[in-house]
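Novice: Model the structure of this input:
(chains A, B, C and D)
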Protein chains: 2
Amino acid sequence: MNNVRFSTALHILTLHYYMKDEMLTSDFIAGSMNVNAAIVRKETSNLRKCGLVTTKEGKGGGTMLAKQAKDIRLSDVYNAVRQTSPLGKKNVPNPACPVGKQINTELDILYNKAEEAMVSKLAAVTLEAFCKPII
Amino acid sequence: MNNVRFSTALHILTLHYYMKDEMLTSDFIAGSMNVNAAIVRKETSNLRKCGLVTTKEGKGGGTMLAKQAKDIRLSDVYNAVRQTSPLGKKNVPNPACPVGKQINTELDILYNKAEEAMVSKLAAVTLEAFCKPII
DNA sequence: TATACTGTAATAAAAAACATTACAGTTAAT
DNA sequence: ATTAACTGTAATGTTTTTTATTACAGTATA
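Specialist: Modelled structure (predicted):
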């Protein structure tokens, strides 16, 4: 997860909060963020699949928040972009090693607990609460 | 942090717990883990700088735990290998955008809180407790 | 002084992330 | 109907990050 997706998604959503109820195009968002419009479209497309925004194709189209900012939690954003554990990847151990054989099972459990702790912290913050100090 | 370093470091420490009080060479550890010995030496070297292991150069040398397994917390391991935030990188925003200008400050605060939540979960687990189900 | 180690730099290879281009499909306005 | 302005997404290229490998200087032991 050492990428910019969480930050990108949150930036997109924050812009929407700021531009209340306006339909935003990928070009507009991309300009604000200094990235290519195709990247924005990829992420809004993903956020739509996750129920956080609605999109409209064709002329006059764009993206809007699908719910009120107070009903979007940062854990929703995290889950929308999450790909790998925040603790990183596991090794592929030597199957002849007795320790290696079992360590990944324990790592799975540990990773889940640790991630859960982080996610519940994110769940305590709504998009609205996150945006307040910005606006 | 989408790498294998946390897993690697923990694997090394677990092997040491398993091989109680024996001095382990990088070749031995590397064999158990299916990785190159130079990678193990890089990580043990780092773990030494962080006070988790002691190393000995020259013939008959190798690595040992620097403290008892009950006194090593997984948060120590995390801090030893941590490089970037578990929520990923931030964007480089367009300085002309009022939202972009402030969002990274808020992200810093958020990232710190979220990471802290994860780290305190890791702090609750000692190397000994982690290893118990393995051994 | 030979042997068996660590430490680390340099480099190469592989994987992941990011950026760009292109264009099909959709909608609205004229 | 045609044009213009959008999204969606695939294909491709580039850059960055991560991992692996090689090599060898330095150190300790016998």
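Novice: what kind of secondary structure is whatever residue of chain A ends up closest to DNA strand C in?
Specialist: DNA strand C sits closest to residue A:58 of chain A, with a gap of 2.1 Å, by C-beta to the nearest atom of the strand. No exception for glycine: its C-beta is placed from N, CA and C like everyone else's. Under DSSP: H, G, I helix; E, B strand; the rest coil, residue A:58 falls in the coil class.
Novice: measure it to chain B for me?
Specialist: Residue A:58 is 26 Å from chain B, where distance means C-beta to the nearest C-beta, to the nearest Å.
Novice: Which pLDDT value belongs to that residue?
Specialist: Residue A:58 is assigned a pLDDT of 95 by the prediction.
Novice: Can you get me a residue count around it?
Specialist: Using other C-beta atoms under 10 Å in any protein chain shown, residue A:58 has 6 other residues around it.
Novice: residue contacts, it?
Specialist: By C-beta atoms under 8 Å, 6 or more residues apart in numbering or on different chains, the contact list for residue A:58 is empty.
Novice: So the helix-or-strand element of chain A with minimal mean pLDDT, near chain B or not?
Specialist: Every helix and strand of chain A was ranked by mean pLDDT, DSSP states H and E. The lowest is helix A:98-123, at a mean of 91. Yes: using C-beta under 8 Å from any C-beta of the partner chain, helix A:98-123 reaches chain B at A:98-100, A:102-103, A:106-107, A:110, A:113-118, A:120-122.
Novice: Mind giving me the PyMOL select for these, buried ones only?
Specialist: One line in PyMOL is enough to select the buried members of those, burial here meaning 16 or more other C-beta atoms under 10 Å in any protein chain shown:
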select buried, chain A and resi 99+100+102+103+106+107+110+114+115+117+118+121+122
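Novice: now the helices: where do they sit in chain A?
Specialist: Assigned by DSSP state H, chain A shows helices spanning A:5-18, A:26-33, A:37-49, A:74-81, A:98-123, A:127-131.
Novice: Compile those into TSV and extend it with columns for distance to residue B:90.
Specialist: Output for these, formatted as TSV (distance: least, C-beta to C-beta, whole Å):
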stretch	distance to residue B:90
helix A:5-18	5
helix A:26-33	11
helix A:37-49	15
helix A:74-81	14
helix A:98-123	16
helix A:127-131	14
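Novice: ranking these by burial, who's on top?
Specialist: Counting by mean count of other C-beta atoms under 10 Å in any protein chain shown, helix A:5-18 has the highest mean neighbour count of the helices of chain A, with a mean of 24.
Novice: same for that helix, what does it pack against?
Specialist: Contacts defined by 3 or more C-beta pairs under 8 Å, 6 or more residues apart in numbering or on different chains; DSSP states H and E place helix A:5-18 against helix A:26-33, helix A:37-49, strand A:53-56, strand A:62-65, helix A:74-81, helix A:127-131, helix B:98-123.
Novice: What angle do helix A:26-33 and it make with each other?
Specialist: Orientation check (axes from the mean of the first three to the mean of the last three C-alpha atoms, to 10 degrees): helix A:5-18 against helix A:26-33 gives 110 degrees.
Novice: close to DNA strand C, is helix A:5-18?
Specialist: Yes: using C-beta under 7 Å from any atom of the strand, helix A:5-18 reaches DNA strand C at residue A:5.
Novice: ok now stretch A:119-130, how far from the chain's centre?
Specialist: Centroid separation for stretch A:119-130 versus its chain: 12 Å, with C-alpha atoms, centre = their mean, to the nearest Å.
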